[in-house]
Every structure is written in structure tokens, then in C-alpha cells.
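Provided below for reference: sequence and predicted model.
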Amino acid sequence: MPRLIGAAQTVTTQAQQITTFNSSGTFTAQPLTSNAWVLVVAGGGGGASSTGSGGGAGGHLEVPSHPLPLSPVPVTVGAGGAAGQFDPAGGLEPVTKGQPGNNSVFGAAAPLTAIGGGGGVRGISGTPKAGDPGGSGGGGYRGGNGGTGTPGQGNRGGNASPATAGRGGGGGAGAAGTDVSTPGAEGGATGGAGLSSSITGSPVYRGGGGASPDGTEPLAYFNGGIGGGGNTGLYDPSNPVGPYKTDGTANTGGGGAGGMFIFPYQPTAAIAGTIGGSGTVIVNEPEVTAASSVWDLRQVFRQVKAGDWTN
């Protein structure tokens, strides 16, 4: 039987490969990869001190099929924002303010950029303060609205409605931070929930917002959003070494928690906020099957007969 010109067909299969960056580096695709599933999570915002609000989660940007160049791709993993600190001068910003998280970036030409989470805030002498914007926004303080989130990456921080003395929770990648609306309440709030991704093969939540503390009860406790948001508000005088609160979880982009401000019980370590969680970049290259040269006609016949031939 005649043959097509060229060598007989050979088939090469390139296995699926998942690469996780928990710090900055360079990604090089496998030879047969042209598109990949990419997740980019930015660093979460830091929580404010002195009963300040929780930090917002880092932006959560997921692209199921992103084109990849043949050349190496730079990867930047954003650090979490610094925590607000105790200020002996009276709780003034910028000392008490949580700092924004840092952006995470995949690529150079037309890069995927996740925006760092907004930091938690504390108004000067208890005056209203709006939360900072970011991938997800930080919570508002004593009448201030939560900071805005970045569309497609996160949500707003929780609002502290007018005439309240509370502070909103940090926004999460999957939901807004919890609002505080009881007039006169020194209330804290939970952080917004993060988002689940199965890019590594099983569902994992990332991008939870940081919690904000209660201002009147030292034993009140508020959880950060699922996906790495920091918890806050627990202080037990019988256990002075803590923990009083938790940081945003590393490599989830979780927002940091706000710190308490209850005297004479708490040392300055308890008053400070907590840091935001660092981000991550994950690349999932699919399995690829590629053929070389041309098909032998006899092989075509066998494939057609077996019902395993697609034009």
C-alpha cells in the first residue's frame, strides 16, 4: 500500500505539571505548553492597631486558559502588608494604620496582576475613617465605609455605619467584610470569606479578610474570613503571652487582623495589629499530546477501523 511522504507518525505525551511559587522567581513552560491555568494572589493588607479595622485580602485573579510565551516568565509574589503599631502619642496615623499588601504579577508582556489588599485603619482620636481600597478593601472605622475592592479580584471591606463606634471586617476575595451597624456599639466584625480554587487538584480557599476587634470586651473574639484571614480579639490576663490574635496566613493573601486597645490588661504587643498574609502564584500546565511528521496510510486505516480517528 502506498505511504504518505515523510516518516511514520510518532506521538509524544507531555504530562500535566503544577508549579507553585511562594516567593518570586521565573517560570519556564514545558516545550508543548501553549496555554495554562494560572492563579495569581496578592499579599493581604495589614490590620490596624488600637481597635482599628481588619485588613483586606489580596486580589485573587484566576485565568483558566492563559497563553504562555516560549521564553521564561518573571513571577512576583507580593508580601503581606505590615501591621499597625501601638502609638504612645495617642493612637495617631500613620503609626496605627495597617499597610497595604503588595501586588503579585505573572508575566511581563500583558501580565496578570493581582492587587494587594487594603490596610486596616483607625481614625484619629476615634473619628470616622474609611477603609483603604485594594484587591479587597480594608474595614471602615467608627462611621466610615469599608474600602472598595478591585472588580474581578475581591470585595469591599465592612462598613461601620454612621453613629456607630465599631469597625468593619476586612473584605475577602469571595465576600465583603462584615458590617457593624448597631448605634453606639463598640463592635468588631468577621472578615469576608475567600474563594476556593481547585488549581492544585483539590479545593483550597485563599483570600480571606482580616477580622476587626471589639472595643469593650477583652474576651470577645472574631474570626478572619475562610482562606487565611487573621483572627482577633482574644486576650486573657491569666495567659499574658497570648496568642491575642493571628496574622493573615502566608501564601493565601489573607488580610491581617485589627489589634485590641483595652487598658490596663493588655501589653503593647496585644494592641498592635497583625500582618497580612503573603500571596502566591500557581501555574497548572495541562497534559498535551502532540504528533510529529505525517501519518502512514496503513496506520490511518487501523485507527479508522478501531473508531479512534478524528479529523
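Nice, thanks for sending it over. Quick caveat: nothing in here was measured; it's all calculated off a predicted structure. Numbers count the residues shown, from 1 in each chain.

separation between the closest residue to G171 other than its chain neighbours and G184?
Closest residue in space to G171, ignoring its immediate chain neighbours: S136 at 3.5 Å, by Cβ to Cβ, 6 or more residues apart in numbering. Just so you know, the C-beta spots here come from the backbone N, C-alpha and C atoms, and that holds for glycine as well. Taking Cβ to Cβ, to the nearest Å as the measure, S136 falls 28 Å from G184.

so T200 makes contact with T20?
Yes: using Cβ atoms under 8 Å, T200 makes contact with T20 at a distance of 7.2 Å.

residues shared between the contacts of those two?
Residues touching both T200 and T20 (Cβ atoms under 8 Å, 6 or more residues apart in numbering): I282.

In terms of neighbours, single out the busier of S136 and G184.
Between S136 and G184, counting by other Cβ atoms under 10 Å, S136 is the more crowded of the two (49 against 9).

Strands of the protein, residue ranges please.
Counting by DSSP state E, one finds strands in the chain at the ranges 10-14, 17-21, 25-27, 35-41, 60-67, 73-76, 104-106, 112-114, 195-197, 204-206, 280-285, 288-292.

quick one: average pLDDT of stretch 136-143?
Across stretch 136-143, the average pLDDT comes to 95.

mind checking the end-to-end distance for that stretch?
Start to finish, the residues bounding stretch 136-143 are 19 Å apart (Cα to Cα, to the nearest Å).

quick one: low-confidence parts of the chain?
Scanning the chain for pLDDT under 70 picks out 1-9, 90-92, 125-126, 216-220, 234-243, 261-269, 292-311.

Outline the domain layout of it.
Domain segmentation of the chain under automatic domain parsing yields 1-16+289-311, 25-286.

Go through the ones you listed and pick out the most buried.
The highest average neighbour count among the domains of the chain, using mean count of other Cβ atoms under 10 Å, belongs to domain 25-286 at a mean of 27.

Quick check: end-to-end length of it?
End-to-end span of domain 25-286 (Cα to Cα): 21 Å.

one step back: okay, the strands of the chain in TSV with distance to A165 next?
Shown next, in TSV, are the strands of the chain (distance: least, Cβ to Cβ, whole Å):
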stretch	distance to A165
strand 10-14	59
strand 17-21	42
strand 25-27	46
strand 35-41	33
strand 60-67	31
strand 73-76	39
strand 104-106	35
strand 112-114	34
strand 195-197	31
strand 204-206	31
strand 280-285	36
strand 288-292	58
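
Out of those, the one nearest G253 is which?
strand 35-41 (4.2 Å; Cβ to Cβ).

Counting by contacts, list what the closest one packs against.
The contact analysis (3 or more Cβ pairs under 8 Å, 6 or more residues apart in numbering; DSSP states H and E) places strand 35-41 against strand 60-67, strand 104-106, strand 112-114, strand 280-285.

Give me the contacts around the third one.
If I follow you right, that is strand 112-114. In contact with strand 112-114 (Cβ under 8 Å, 6+ apart) are residues 38, 40-42, 58-61, 63, 66, 78, 103-106, 135, 153, 253, 279.

Relative to it, what are the paired strands and their orientations?
Applying DSSP bridges, strand 112-114 is found paired with strand 104-106 (antiparallel).

and the strand it pairs with, how far out from the chain's middle?
12 Å (Cα atoms, centre = their mean, to the nearest Å).

Kindly report the same for stretch 172-189.
Computed by Cα atoms, centre = their mean, the chain-centroid distance of stretch 172-189 equals 19 Å.

Quick one: end-to-end length of it, please.
13 Å.

got it, and stretch 105-124?
End-to-end distance for stretch 105-124: 34 Å, by Cα to Cα.

cool, stretch 144-151 as well?
End-to-end for stretch 144-151, by Cα to Cα: 21 Å.
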